[in-house]
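Novice: return atomic coordinates for the entry below.
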Amino acid sequence: MQTALLPVPLAPEISLHLAGDRVGLFDSADGQFRSDVPPPFWAFVWAGGQALARYVLDHPDLVRGRHVLDVASGSGVAAIAAARAGAARVEALDLDPAAATATTRNAEANGVTVHARAADIGDAGPAEVILAGDVFYTRSVADRMTAALRRAAAAGAVILVGDPGRGYFPERLFIRRAEYTVPVPASLEETEALATGVWEMRATITLR
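Specialist: Now for the predicted structure:
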């Protein structure tokens, strides 16, 4: 997919290689979903990632000097924000190898280092802060992500999630820390802005 280096609407301090506002998620496949090739989620900057990036940039003490992990990283916007805010080490995981490549490219464009790789959250090692944007979009993904984040929180990690009300977000496990009106491409969301929360997972969680 053809991209251009563009500023992130809610965090213009960061620029990413992105598809244009009029490009749809499946345009590169002639509008068809293909099960053998993941859609290029990495070519768009989604609302949850933008909200996380803005929050981290505005609250750098949350990540400064810490080991940060960005899961389902996509374009890497939240990981790049953490690196800019002074994190000691930033890792980014995404199931799509193309997303890991995009994150590395985007980090280089912003003059920061992010260690990106294609992997599932279940393959991640421990981290002090975990960032997760737009990860509750289907029931199966939400259940797996919730279980992994609960284990990490129980082990002492700070969990921050950016979510624009995807429908499977387990709000009862979180405390809302901020809310933003996030500009988004109408070609993706059928609207030009989404109210998006940044949520912190509650520290005391009983695992079952």
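Novice: so for the longest helix along the chain, mean pLDDT?
Specialist: The longest helix of the chain (DSSP state H) is helix 139-154. Averaging pLDDT along helix 139-154 yields 94.
Novice: would you mind writing the CA trace of that helix as PDB?
Specialist: Provided in PDB are the C-alpha atoms of helix 139-154 (Å, rounded to 0.1, in the frame of the first residue of the first chain):
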ATOM      1  CA  ARG A 139     -15.100 -11.200  21.200                       C
ATOM      2  CA  SER A 140     -12.400 -13.700  20.600                       C
ATOM      3  CA  VAL A 141      -9.600 -11.100  20.400                       C
ATOM      4  CA  ALA A 142     -11.000  -9.200  23.400                       C
ATOM      5  CA  ASP A 143     -11.200 -12.400  25.600                       C
ATOM      6  CA  ARG A 144      -7.600 -13.300  24.800                       C
ATOM      7  CA  MET A 145      -6.300  -9.800  25.300                       C
ATOM      8  CA  THR A 146      -8.200  -9.300  28.500                       C
ATOM      9  CA  ALA A 147      -6.800 -12.500  30.000                       C
ATOM     10  CA  ALA A 148      -3.200 -11.600  29.000                       C
ATOM     11  CA  LEU A 149      -3.500  -8.000  30.400                       C
ATOM     12  CA  ARG A 150      -5.000  -9.300  33.600                       C
ATOM     13  CA  ARG A 151      -2.000 -11.600  34.100                       C
ATOM     14  CA  ALA A 152       0.400  -8.700  33.500                       C
ATOM     15  CA  ALA A 153      -1.500  -6.400  35.800                       C
ATOM     16  CA  ALA A 154      -1.400  -9.100  38.500                       C
END
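Novice: contact partners of that helix?
Specialist: 71-72, 121-122, 126-127, 130, 132, 135-136, 159, 161, 166, 168-170, 173, 201-203, 205, 207 (C-beta atoms under 8 Å, 6 or more residues apart in numbering). Backbone N, C-alpha and C define where each C-beta goes, glycine included.
Novice: for the residue most central in space within the chain, list each beta-bridge partner.
Specialist: Closest residue to the average C-alpha location of the chain: Gly133 at 3.4 Å, with C-alpha atoms, centre = their mean. Assessed by DSSP bridges, Gly133 has beta-bridge partners Gly162.
Novice: and it, what pLDDT?
Specialist: In this model, Gly133 carries a pLDDT of 97.
Novice: gap between it and Gly65?
Specialist: According to C-beta to C-beta, to the nearest Å, Gly133 stands 22 Å off from Gly65.
Novice: how about Met201?
Specialist: 21 Å.
Novice: cool, and Asn110?
Specialist: Distance from Asn110 to Gly65, by C-beta to C-beta: 19 Å.
Novice: that's all I had, so thanks and see you.
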